[in-house]
Every structure is written in C-alpha cells, then in structure tokens.
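> predicted structure and sequence below. I'll ask about it afterward.
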Amino acid sequence: MWQKLFPGTAYDDVRFRRLCSDLMRLAMDFTAYNQYVSNPATGQVFLLHALASTRLEKHFDGVLRQVELSQEKAGLRDADFHYLSYMLHRRRHEHLEHISPKTAAFDPIEKADFHLDCYYFAKKLEHYCDALGYRNMVSETAKVSLFPDFLKYLEKSIYLSEPVVRAWYLVARMMLRPDEAHFFQEMKLLLETQAPSFQPKELQTLFIHSMNYCIDTKINHGREDYYGELFSLYRIALDREIIFDNGELNPHHYKNIITISLHIRELDWTENFIRDYTHRLPKSDQENALNYNLAHVYFYQKHYDRVIELLREVEYQTIAYSLGSRMLLMRTYFELREDQALDSLIDSYSIFLRRNRLISRDVKQQYLNMLRFTRKLFLLAPFDKKGIEKTRQEIENCKSLAAKKWLLEKAGALGGISSSA
C-alpha cells in the first residue's frame, strides 16, 4: 500500500500508522454523516434548534411546517414519532420564549410533555416485554423495573389511545395474564388496523410476541383451537406484509404458515398460498420449497402419485429437506400399501440416520423410533386387535418420536378407532 501511495519513497512505519488512524477517523465521520442525512427530520430538528434563539420567525415556522407535513405524510405513530414531536414542540417553546419572553406559551410545552411521556411509556414497556420474553429462554432475568402500579396507571390514562403505547401495554398483559384472551384479541385487531402506524421492524416484533403467545401459552399446553388463531394472525401478517424483509418472505414464516394451514386442513388455501408466495422467498429457496410443500398438500389431499412425482424433484440441500422428504415419501408408500418400496426406504432411511454426523443423537432417535413403529404398524394384521392396541400404547408412551400424531392416527384406523386428526 505504501508503494502505491508514495512510489520511490522509503517506508515510514510511524507515518503509515498515522495515516491509517486518520483514515479510520474519516471513515467513522463519514458513516455518522450518512446516518445523519438518511433521516431528513434529524437535520431539520438541529436547524430548528439553531433558529430557536433567533428572531427569524418566518424561517422557523417554515422549517417546522415542513417537518410536520413530513410526519403527517409518513403516517407513523411509533415511539420515534413521539420523540421527534417532543423535540419539535420543545424547539417551538424555546423560540416563542425568545421572541416574546413575557408571553406565556403553554401549548407547545404541554404538547412536548405529552409526546415525551408517550415515548417514555412506549420504550419502558418495550424493554419490560423484552425482559419478560428473556425469562422464558435463559436462566437469568433482565433487571427492568417499573414504578409501582405502572400498568394500572396506564389503564386509566390518555396514553393508551396512542397505538405504540397500547401495543406494548397489550404485549405486557398477554405475557403476565395469558389466561385473559381478550388482550390477545385486542392485539390482533391492533395489528390489523394500526399496522401503518409502525415501522416494519417494530411491527415484526409485535407480531412475533403475538405469535409466541399462541404457541407458548396455548398450543404447547394443548389448546388446539389456537392453531386457528395463529393462522388468522399469519393471514394478517401476509396482508400487511409484516413478515417480509425488503420484499422477501422469511423462509421460517413461510414454513410455519404451511404447517399451520395444513394442520387445520385449509388445503385449497395452502395450495394457493404456495403458488402465490413461493416466488417471494429468497431465489435459492424457491424451487425446492415449491416442490416440497406442494407434495405435502397433495399428501393431505390423498393425491399420492403426485406426491411421489414432486419429491423426485426435491434436492436434499439441507438436513430438513433430507429428513422431511424421506419421511413424506415413507408415509406415502404406507398409504399406498407399497410393501417392497416401503421396506427398502425404511432400510435406507435408517442407514442415512445412523451414518449422518450432522444430525443430533436426540433427533436421530426420534426418527429411528418413527421408522420402527411405521414398519410394525404396516406388518400388523387388521384382526390382531391385541397387537394393534399394544402398539398404539407403545406409540402413546414413547417420549422421543417424530410424526407421533400420524402414527397414532394409523394405529387408530387399524383398530377401528375414529381419529380427530
């Protein structure tokens, strides 16, 4: 680098290091400047601060009007909106005091105080909800304290009329009182009706809190009806594009939507979703996702030949595709009573599981148990009621088992027991 900068000059280590240090400082300043100009309102607030101590009332009012029009056009009512509004009204108050110090100007300071409170309450609640969320994932608890009767105070305050304060208040209540479902219903309505009030990132966070409420406090505790609630929530997220990043659909949410909609037997909707939204995935995921997930839909629709046809096109790019595709093919052979194909696949599947070092021991055991019970059920005679019931109980009692619900459904069908699946 020295030779390119100073050809024919002897290398000077001290000078070179100083140049590197100066370059780093300039790069940091440039990064900060880019962040500054990325939000025009930031510069206008600083300009208002400079104008507040002058008697240039026309210029001050013109800049203030520009910022307020920009805010109105954006339509946001999030915490940043309230902080900016606080700054604007504060600058207005300072300006009025300077040009007419003997005239009381209560309106700007009252509005500044209101927006500052909104910002504080929204951010305080957000931090508190984050702390409540962490306690479900890690052993330590984040120390975020609220003043006494904080939530009760908000219940009777004017601040709950602000979407951002109300949203985080509802998240806190959902976490603290999971049995009071009306908080979740209010949150779902807020996401549907007030989505334009939030920045995309915050909207995603609020959606994830609502989704986790359905999964962690309801579905994981046996509330099957909340699959429908989660499906409804995802439909809102799709309509409002809450779960998209720069126009791309998050693959994790794509998979969840299909799993949930198939679970509640929304088969036609699922097929349309796959055809309409797969192209919104990252390009590298699209073809595999289309074939793999349509195969699942056709399995539920009992179009087994189409399942086999599509699974031939799936590339085993990841462990998830390798495990899922093989399991779906095995279930398809089971339904078609293809004994030789099923037997061969179970053997090759077992070898794949035992030899693959990327799959954890626990996951391997879940799938190996699934293969063992699948073969056992396939070989049972319909008249062997004792053997069927014994196998069904073994499946029920097995703690480490993939596709447990499907295996119980098959055991119930063999034994003449109607299944709710």
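Nice, thanks for sending it over.
> list the contacts of residue 349.
Applying CB atoms under 8 Å, 6 or more residues apart in numbering, we find residue 349 in contact with 326, 327, 330, 367, 371. Using the backbone N, CA and C atoms, a C-beta is placed for each residue, glycine as well.
> contacting residues for the third one?
Read that as residue 330. Per CB under 8 Å, 6+ apart, neighbours of residue 330: 342, 345, 346, 349, 371, 374.
> so which bits of the lowest-mean-pLDDT helix or strand in the chain are buried?
The weakest-scoring helix or strand in the chain, judged by mean pLDDT, DSSP states H and E, is helix 40-52 (a mean of 83). Within helix 40-52, the residues that count as buried by 16 or more other CB atoms under 10 Å are 41, 44, 45, 47, 48, 51, 52.
> any idea of the angle the helix or strand that it is followed by forms with helix 40-52?
For helix 40-52, the succeeding helix or strand toward the C-terminus, using DSSP states H and E, is helix 57-74. Counting by axes from the mean of the first three to the mean of the last three CA atoms, to 10 degrees, helix 57-74 lies at 160 degrees to helix 40-52.
> who's in contact with helix 57-74?
With contact meaning CB under 8 Å, 6+ apart, helix 57-74 is reached by 40-41, 44-45, 47-48, 51-52, 54, 81, 84-85, 88, 91-92, 95, 99.
> buried ones in the host helix or strand of residue 107?
Secondary structure from DSSP H and E places residue 107 in helix 106-134. Neighbour-count burial for helix 106-134 flags 108-109, 111-112, 114-126, 128-129, 132-133 (criterion: 16+ other CB under 10 Å).
> for it, name the packing helices and strands.
helix 79-99, helix 163-176, helix 200-212 (3 or more CB pairs under 8 Å, 6 or more residues apart in numbering; DSSP states H and E).
> how far does it sit from the chain's center?
Using CA atoms, centre = their mean, to the nearest Å, the mean C-alpha position of helix 106-134 is found 24 Å from that of the whole chain.
> helix 163-176 and that one, what's the angle between them?
Calculated by the same axes, to 10 degrees, helix 106-134 forms an angle of 30 degrees with helix 163-176.
> between helix 106-134 and helix 200-212, how many degrees?
Computed with the same axes, to 10 degrees, the direction of helix 106-134 lies at 50 degrees from that of helix 200-212.
> now residue 147, what's its secondary structure?
coil (DSSP: H, G, I helix; E, B strand; the rest coil).
> and it, how far is that from residue 48?
With distances taken as CB to CB, to the nearest Å, residue 147 is found 32 Å from residue 48.
> circling back to that earlier point, reformat the buried residues of helix 40-52 as CSV; add distance to residue 74.
Shown next, in CSV, are the buried residues of helix 40-52 (distance: CB to CB, whole Å):
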residue, distance to residue 74
41, 9
44, 13
45, 15
47, 19
48, 18
51, 23
52, 24
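> return the member of these nearest to residue 258.
residue 41 (40.6 Å; CB to CB).
> go ahead and confirm residue 293 touches residue 258.
Yes: the pair residue 293 and residue 258 passes the contact test of CB atoms under 8 Å, sitting 5.2 Å apart.
> so who does residue 172 touch?
Counted by CB under 8 Å, 6+ apart, residue 172 has contacts 125, 128, 129, 132, 151.
> give me the number of residues near the closest residue to the first one other than its chain neighbours?
What that stands for is residue 125. Among residues not flanking residue 125 along the chain, residue 168 sits closest, at 3.5 Å (CB to CB, 6 or more residues apart in numbering). Per other CB atoms under 10 Å, the neighbour tally for residue 168 reads 25.
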